[in-house]
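**Q** Sequence first, predicted coordinates after that:
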Amino acid sequence: MAEACCPASCGELIQGWILGGEKLISCPINWFSCVSVSEGIPTLHERPRMRQMVNLLLDYWQMPLELSSSLRIEYQSTIPLAKGMASSTADIAATAHATARLLGQSLDSTTLAQLCVKLEPTDSTIFERLTLFDHLTAQTQIPFDWQPDIDILLLESPQTILTEEYHQQDRHLRLLRSAPLLRQSWQQFRTAAQKHDNYRLGEACTLSAIANQSILPKPCFGQLRNLVEQTGIYGLNVAHSGSVVGLLLNSSRHDVDYLRWWLDQKKILEHYPILHHVKLTVGDVR
């Protein structure tokens with residue numbers, strides 16, 4: 001048996017029209033999908049994309065496809081589905097590495113990215129570093145040598161959005177209209193990475209979230225921006241193709257209990273009834 005784990009994401013740090021096309025930088029967090037692959041009879045409970053990844057890998061390695069029917073996939077994941085938290089990317093990436101380990105094959109992140117996008121739009125959580133990524137073609141991969149130390153109060157909405165259906169929508173014109181804000185966001189992100197500045201990072205994320213309001217609006221967004229201003233936390237980020245929102249902060253400097261109280265008093269929790277205190281983490285498959 002071989003095992004692998006891949007992190008979830010609290011939406012994206014930034015996403016939109018950057019460098020001539022839609023790209024993103026995911027926000028990997030300390031919440032994982034763990035997959036084991038072993039020799040045995042397949043279960044009835046595996047997720048379809050996992051088996052598709054196994055078959056894709058066998059084809060890539062030029063192994064007999066019949067081998068798939070003798071591989072058993074099992075998983076453990078509590079990552080919410082269809083919320084913009086990269087649950088599917090975590091599933092298929094972990095499956096890929098577990099399969100590679102079982103079969104004695106190597107699998108680098110560039111190859112993994114190229115295989116994942118053949119199945120679905122893919123989050124950049126598959127890379128160790130924060131990476132600007134073309135999640136549709138994998139042709140752009142620009143890593144940053146900086147790992148911010150940031151806590152996130154993740155606001156989970158009951159609303160679900162299927163990524164595949166979202167990407168079937170014609171968003172081209174709205175993406176182009178929001179491009180000026182994304183240029184500012186991209187510039188701020190690069191400056192933040194260069195100077196290791198969490199506040200600039202928060203501003204980059206907030207700018208990208210503002211731009212996304214014209215594409216996939218989040219409830220109570222204006223109030224949440226006011227909360228950022230009032231409390232001096234770093235900023236906020238959103239799932240650009242999902243429903244979660246992240247408040248970016250330092251739990252040793254910012255009062256998380258006050259944030260929870262404020263969200264309750266302003267009735268924000270009616271729209272985001274579940275809160276998770278998570279941390280921005282290193283990406284890549286373990």
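**A** Nice, I can see it.
**Q** what's around the closest residue to Q105 other than its chain neighbours, how many residues?
**A** Among residues not flanking Q105 along the chain, W61 sits closest, at 5.7 Å (C-beta to C-beta, 6 or more residues apart in numbering). Backbone N, C-alpha and C define where each C-beta goes, glycine included. W61 has 13 neighbours, counted by other C-beta atoms under 10 Å.
**Q** Kindly list the longest strand within the protein.
**A** When the chain is scanned for its longest strand (criterion: DSSP state E), the result is strand 21-39.
**Q** Which elements pack onto the following helix or strand past that one?
**A** Helices and strands here follow DSSP states H and E; after strand 21-39, the next one along the chain is helix 48-60. Using 3 or more C-beta pairs under 8 Å, 6 or more residues apart in numbering; DSSP states H and E as the contact definition, the elements that helix 48-60 packs against are strand 71-77, helix 87-103, helix 109-119.
**Q** elements contacting the shortest one?
**A** When contacts are defined as 3+ C-beta pairs under 8 Å, 6+ apart, strand 71-77 sits against strand 21-39, helix 48-60, helix 87-103.
**Q** Quick check: which of those is nearest to P273?
**A** Within the helices and strands packed on strand 71-77, the stretch nearest P273 is strand 21-39; the backing value is 18.1 Å (C-beta to C-beta).
**Q** Can you point out the buried residues in that closest one?
**A** 22-29, 31-37 (16 or more other C-beta atoms under 10 Å).
**Q** How about stretch 44-55?
**A** With burial defined by 16+ other C-beta under 10 Å, the residues of stretch 44-55 counted as buried are E46, R47, R49, M50, R51, Q52, M53, V54.
**Q** chain center to it: distance?
**A** Counting by C-alpha atoms, centre = their mean, to the nearest Å, stretch 44-55 is centred 20 Å from the centre of its parent chain.
**Q** could you point out which element follows the helix or strand of the chain with the lowest mean pLDDT?
**A** Lowest mean confidence among the helices and strands of the chain (mean pLDDT, DSSP states H and E): helix 163-168, at a mean of 67. Of the helices and strands lying after helix 163-168 in sequence (DSSP H and E), the nearest is helix 172-177.
**Q** what packs against that following helix?
**A** Using 3+ C-beta pairs under 8 Å, 6+ apart, the elements in contact with helix 172-177 are strand 2-18.
**Q** show me where pLDDT drops low in the stretch 51-200 of the chain?
**A** For the stretch 51-200 of the chain, applying pLDDT under 70 flags the ranges 164-165, 167-168.
**Q** Skipping its backbone neighbours, what lies nearest Q159 in space?
**A** Here the nearest residue to Q159 in space, its sequence neighbours aside, is S243; by C-beta to C-beta, 6+ apart that works out to 4.1 Å.
**Q** I'd assumed L155 was in contact with that neighbour.
**A** No. In this structure S243 lies outside contact range of L155 using C-beta atoms under 8 Å: 9.2 Å.
**Q** Who has more neighbours out of those two?
**A** The residue with more neighbours, out of S243 and L155 and counting by other C-beta under 10 Å, is L155; that gives 27 against 24.
**Q** re the thing from before, got the angle between the longest strand of the chain and helix 87-103?
**A** Between the direction of strand 21-39 and that of helix 87-103, the angle (axes from the mean of the first three to the mean of the last three C-alpha atoms, to 10 degrees) works out to 40 degrees.
**Q** before we move on, the earlier item: any idea how far G104 is from the residue nearest to Q105?
**A** Distance, W61 to G104, using C-beta to C-beta, to the nearest Å: 10 Å.
**Q** again with V245
**A** Counting by C-beta to C-beta, the separation of V245 from G104 is 42 Å.
**Q** More neighbours: which of these two?
**A** It is V245, of V245 and G104, that has more neighbours when counted by other C-beta under 10 Å, with 27 against 7.
**Q** what about the helices in the stretch 101-250 of the chain?
**A** Secondary structure of the stretch 101-250 of the chain (DSSP state H, counting those that start in this stretch): helices located at 109-119, 163-168, 172-177, 179-195, 198-212, 221-231.
**Q** Quickly note the distance from V35 to P217.
**A** The value you get for V35 to P217, if C-beta to C-beta is used, is 34 Å.
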